[in-house]
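[1] Just the structure for this:
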Amino acid sequence: MPRTPHKDKLLAAIANPKSRADVSLLQQALAAYETWIADVESLTTTGKQRVLDMTRLLNGYKDLLEVELIARRGSDFLKRQKGQLKLDNSVMEEFLIHLIDRRILTAVPPFDLEVGPRTAFMTFSFRPSSVQNLRGKPEIVIKAKDQDFTIGKTLHYQMSPDAAF
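    Just a heads-up that it's a prediction; the model follows:
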């Protein structure tokens, strides 16, 4: 299922009780978002021309969202909190997802990639107190971090101190 970070932020802003004065405006933004995405998905161009076409559509949507809807017509709350609500930067996060496409990048692998915001692996270690247990089942600590944009694949792994597992 494709990730939609910007749409998710619009829906969250619409549901936010502090955005009550801007619900109509945010619904207009959501309708414009749906048009933007439909227009991107209907493009038939490839390569550099596709990127140019996508960028033209992106700029049209961003200008409408940031200038016309938020800056000109938004409440003081929306103008002050647009960064906190991630209404502007999530547009770019979502645009990047659409760039990872075989019609643009010919080197994209033939398997499905997971693209967009994800929780990603950071580090793997053994709990210091469990190093003595390396022959048995040491306690493993895996740290992850939420990323705004990733390109990857979910990996599954197994470990054992026994080479014959």
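
[2] other SSEs contacting the top helix by length along the chain?
    Counting by DSSP state H, the longest helix found in the chain is helix 23-41. Here helix 23-41 touches helix 5-15, helix 47-62, going by 3 or more C-beta pairs under 8 Å, 6 or more residues apart in numbering; DSSP states H and E. C-beta coordinates here come from the backbone N, C-alpha and C atoms, glycine included.

[3] got the contact list for the first one?
    For helix 5-15, the external contacting residues (C-beta atoms under 8 Å, 6 or more residues apart in numbering) are 19, 22-23, 26-27, 29-30, 33, 37, 78, 85-87, 90-91, 93-94, 97, 116-117, 148.

[4] Residue 99: how many residues sit nearby?
    Using other C-beta atoms under 10 Å, residue 99 has 14 other residues around it.

[5] so where is the protein shaky, pLDDT-wise?
    1-2, 128-136, 161 (pLDDT under 70).

[6] So which of the helices and strands packed on helix 23-41 is nearest residue 138?
    When the helices and strands packed on helix 23-41 are compared by C-beta to C-beta, helix 5-15 sits nearest residue 138, at 36.9 Å.

[7] Next, the angle helix 23-41 makes with that closest one.
    Per axes from the mean of the first three to the mean of the last three C-alpha atoms, to 10 degrees, the angle that helix 5-15 makes with helix 23-41 is 160 degrees.

[8] Only the buried residues of helix 5-15, if you could.
    5, 6, 7, 9, 10, 13, 14 (16 or more other C-beta atoms under 10 Å).

[9] Could you dump these into TSV with distance to residue 57 added?
    Below are these laid out as TSV (distance: C-beta to C-beta, whole Å):
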residue	distance to residue 57
5	17
6	13
7	15
9	19
10	17
13	22
14	23
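
[10] out of those residues, who's nearest residue 123?
    Closest to residue 123, out of all of the buried residues of helix 5-15 and judged by C-beta to C-beta, is residue 5, at 24.9 Å.

[11] contacting residues for the nearest residue to residue 105 once chain neighbours are set aside?
    Spatial nearest neighbour of residue 105, chain neighbours left out: residue 99 (7.5 Å); criterion: C-beta to C-beta, 6 or more residues apart in numbering. Counting by C-beta under 8 Å, 6+ apart, residue 99 touches 51, 54, 105.

[12] Please apply the same query to residue 88.
    Residue 88 neighbours (C-beta under 8 Å, 6+ apart): 62, 65, 66, 70, 82.

[13] List only those of those residues flagged as buried.
    Counted by 16+ other C-beta under 10 Å, the contacts of residue 88 give 65, 66, 70, 82 as buried.
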